[in-house]
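Participant: Take a look and give me a structure for this.
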Amino acid sequence: MIETALYLIPVQLSDGELNCVLPQANIALVSHIKHFIVENVRSARRFLKKCDREIDIDSLTFYELNRHTDPRQVSTYLDALEKGEPMGVISEAGCPAIADPGADVVAIAQRKGLKVRPLVGPSSILMGLMGSGFNGQSFAFIGYLPIEAGARARKLKEMEQRIVKENQTQIFIETPYRNNSLLAEMVKSLPANLKLCIATDITGEREQIITRGVKEWGKHPIDLNKVPTIFLLYK
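Facilitator: Numbering: from 1, shown residues only. Prediction:
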């Protein structure tokens, strides 16, 4: 048996062998949990089956937590934990509760004084930062940039100012099918003295983490369409 807690269970960022990116202790632990709060039931079932081929998926209980979830439901998701049963939180990819709706249920657990145990695993945000060569002592993850052109331009300008004034690395993402248009906009609008790191398919077979001057990216075409990508800006 395992300790009663809310376990935050990281998931692979890309397909491949689990033991290349996740500790064996994580893989073994999931077999002892019967209740999972997940961003997507289908991908969570697939992940758990990859951890343990013998796991009885149909005996497990899944609570879906994403942008479609009724907030009134979320408060009931920890009932099993409050009764003494361990529970797990699984994101679509990477670490749960980091740029992920799982943070909502973790906040509830903290308010209720329930034990929370984050497990070791891959984070594209931190791995991109590690490989960028940028400031790792002061950085901000912005999340998605605004879709509207004017608001997005203002956000890029704001990030530029924070880099200069606060010496702070700016990290952000985009919906994969808009990656190329975002890159083109940055090459056109950002000053030449800034550097841009593009980290794609982290831990995957096509992984690339490349840092260049912003304007240099215009001279080195790269197709980011539908490729999981983290963008980082610094000076």
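
Participant: C-alpha from now on. contacts and neighbour counts both.
Facilitator: OK.

Participant: ok, longest helix in this structure?
Facilitator: Taking residue count as the measure and DSSP state H as the definition, the longest helix of the chain comes out as helix 149-166.

Participant: Pull out the buried positions in that one.
Facilitator: Of the residues in helix 149-166, those buried under the neighbour-count criterion (16 or more other CA atoms under 10 Å) are 152, 153, 156, 159, 160, 162, 163.

Participant: Which residues are in contact with the fourth one?
Facilitator: Residue 159 sits next to residue 170 when contact means CA atoms under 8 Å, 6 or more residues apart in numbering.

Participant: quick one: it from residue 194, how far?
Facilitator: If you measure residue 159 against residue 194 using CA to CA, to the nearest Å, the figure is 11 Å.

Participant: for the fifth one, same thing?
Facilitator: Separation of residue 160 from residue 194 (CA to CA): 8 Å.

Participant: where in this structure is pLDDT low?
Facilitator: Filtered on pLDDT under 70, the chain yields no residues whatsoever.

Participant: For it, which segments count as strands?
Facilitator: With DSSP state E as the criterion, the chain has strands at 6-9, 35-38, 61-64, 87-90, 116-118, 139-144, 169-173, 195-200, 208-213, 229-234.

Participant: got the contact list for residue 130?
Facilitator: The neighbours of residue 130, taking CA under 8 Å, 6+ apart as the test, are residue 136.

Participant: Renumber starting at 600 from here on
Facilitator: Noted, 600 is the first residue going forward, which turns the last one into residue 729.

Participant: for the residue nearest in space to the middle of the chain, which residues make a bridge with it?
Facilitator: By CA atoms, centre = their mean, the mean C-alpha position of the chain lies nearest to residue 693, the distance being 4.9 Å. Applying DSSP bridges to residue 693 gives these bridge partners: residue 610.

Participant: cool, residue 715 as well?
Facilitator: residue 605.

Participant: Now for it: which residues touch it?
Facilitator: If a contact means CA under 8 Å, 6+ apart, then residue 715 has 604, 605, 606, 607, 705, 708, 709 as its contacts.

Participant: how much space between the second one and residue 659?
Facilitator: Going back to what we said before, that points to residue 605. Here the distance between residue 605 and residue 659 works out to 16 Å (CA to CA).

Participant: The two: who's more crowded?
Facilitator: When neighbours are counted by other CA atoms under 10 Å, residue 605 comes out ahead of the other of residue 605 and residue 659, with 25 against 12.

Participant: isn't the more buried one right next to residue 718, touching?
Facilitator: No - taking contact to mean CA atoms under 8 Å, the distance of 10.3 Å between residue 605 and residue 718 leaves them out of contact.

Participant: Now do stretch 601-615: everything it contacts.
Facilitator: Applying CA under 8 Å, 6+ apart, the external contacts of stretch 601-615 come out as 617, 620-621, 625, 628, 631, 646, 680, 683-696, 705, 708, 713-723, 800-803.

Participant: no, scratch that, I was asking about stretch 664-674
Facilitator: 636, 637, 638, 639, 700, 701, 704, 707.

Participant: out of those, which are buried?
Facilitator: Listed as buried from these are 636, 637, 638, 639, 700, 701, 704, 707; burial here means 16+ other CA under 10 Å.

Participant: Out of these, which is nearest to residue 650?
Facilitator: Closest approach to residue 650 among the buried ones among the contacts of stretch 664-674 (CA to CA): residue 637, at 15.6 Å.
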